[in-house]
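>>> Following is a predicted model, sequence given first.
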Amino acid sequence: MRYVISGGAGFIGSHMCDYLLERGNQVVALDNLITGSLENIEHLSGNRSFQFEQIDVTRPVEVEGRVDCVFHMASLASPKEYLAHPIETLESGSTATRNMLELALHHGARFLLTSTSECYGDPLEHPQKESYWGNVNPVGPRSCYDESKRYAEAITMAYHRVHGVRTTIARIFNTYGPRMQLKDGRVVPAFVDQVLNGQAMTIYGDGSQTRSFCYVSDMVRGLFLLLHSEEPFPVNLGNPREMTILEFAEAIRRLTGEAGRLVYEQLPQDDPKRRQPDIGRARAILGWEPEVLLEDGLKSTLEYFRPRVGAASAGAA
């Protein structure tokens, strides 16, 4: 089959390219490289089944030839990036989503939207089920990301209902692994960067807030299964193993063998206190659940980051 992936040079997008190509498919990756990186896909440059186009999907998208499936994964997903680029973030969820839906409509293709657990905001329900409507501040500093995804879900459902596009929606919970941006501000690369550089690990708030971390290979597998399902409504994809940020910091220290002292800073506005997916629907509809243990996933992630942390430190010096 021939797949088009917006955000194809990004963290999860580039892993999806690998997954599809390894299974004999053709892939067209689209990315404006605002947060994506050519380094993530340079190993695919000689693959005849792979095509990369550096374009901004907030502008009308045209792809020559057959298109069977569309993944809309373009997004500024890290707080550091979406707080620095709020308008671009809103555009990626609104205009870009419509453009990718139009592409799917034109070609009669399946469509998957990568939405987010941030649709639940700072949740009053725990764990979070897809039926929960969320507790989101629509005018706070994080709203550019949260509301862009909520709008993206709404227009995706509108194209499904009005035009009959075969759409699916994935609400992604915290995903980690190789190819994350080292300085993007998310907790996994931030902790790894700090501890490998012998710096203090920054804990926001008192560290009691929780997250649930899913390794990227599990996430990509879940997204693929969801795209090829007949489920139009949102499905949570994530690891239901909940842990506090302090527990996660301790796991990093244990695996690196570094002491990594902790420093505490104020919790950012509207930062969720608890995050844990209910993946009952994913299990029932897709037969999917995570397989990679946190410790194994972190080992692979550390192996990826070690030489890059050293190179970054040498460059700064």
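Yep, that arrived.

>>> Name the residues of stretch 75-89 that come out as buried.
Buried residues in stretch 75-89, counted by 16 or more other CB atoms under 10 Å: 75, 76, 77, 78, 79, 81, 82, 83, 85, 86, 88, 89. Where C-beta positions appear, they are placed from N, C-alpha and C, glycine not excepted.

>>> Can you get me the centre-to-centre distance for stretch 30-43 and its chain?
For stretch 30-43, the separation from the chain centroid amounts to 15 Å (computed by CA atoms, centre = their mean, to the nearest Å).

>>> Can you point out the buried residues in it?
Quick answer for stretch 30-43 (16+ other CB under 10 Å): 30, 31, 32, 35, 36, 40, 41.

>>> got it, and stretch 47-62?
Under 16+ other CB under 10 Å, the buried positions of stretch 47-62 are 50, 51, 52, 56, 57, 58, 61.

>>> before we move on, the earlier item: kindly reformat the buried residues of stretch 30-43 as CSV containing secondary structure.
CSV is the format used below for these (DSSP: H, G, I helix; E, B strand; the rest coil):
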residue, secondary structure
30, strand
31, coil
32, coil
35, coil
36, coil
40, helix
41, coil
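
>>> and the closest residue to residue 91 other than its chain neighbours, what is it in contact with?
Spatial nearest neighbour of residue 91, excluding adjacent residues (CB to CB, 6 or more residues apart in numbering): residue 58 at 4.6 Å. Residue 58 is in contact with 88, 91, 92, 95, 96, 99, counting by CB atoms under 8 Å, 6 or more residues apart in numbering.

>>> quick one: which of the residues you listed is nearest to residue 263?
residue 88 (31.1 Å; CB to CB).

>>> Who are the packing partners of the helix or strand where that closest one lies?
Per DSSP states H and E, residue 88 falls inside helix 86-93. In this structure, helix 86-93 packs against helix 143-163, with contacts taken as 3 or more CB pairs under 8 Å, 6 or more residues apart in numbering; DSSP states H and E.
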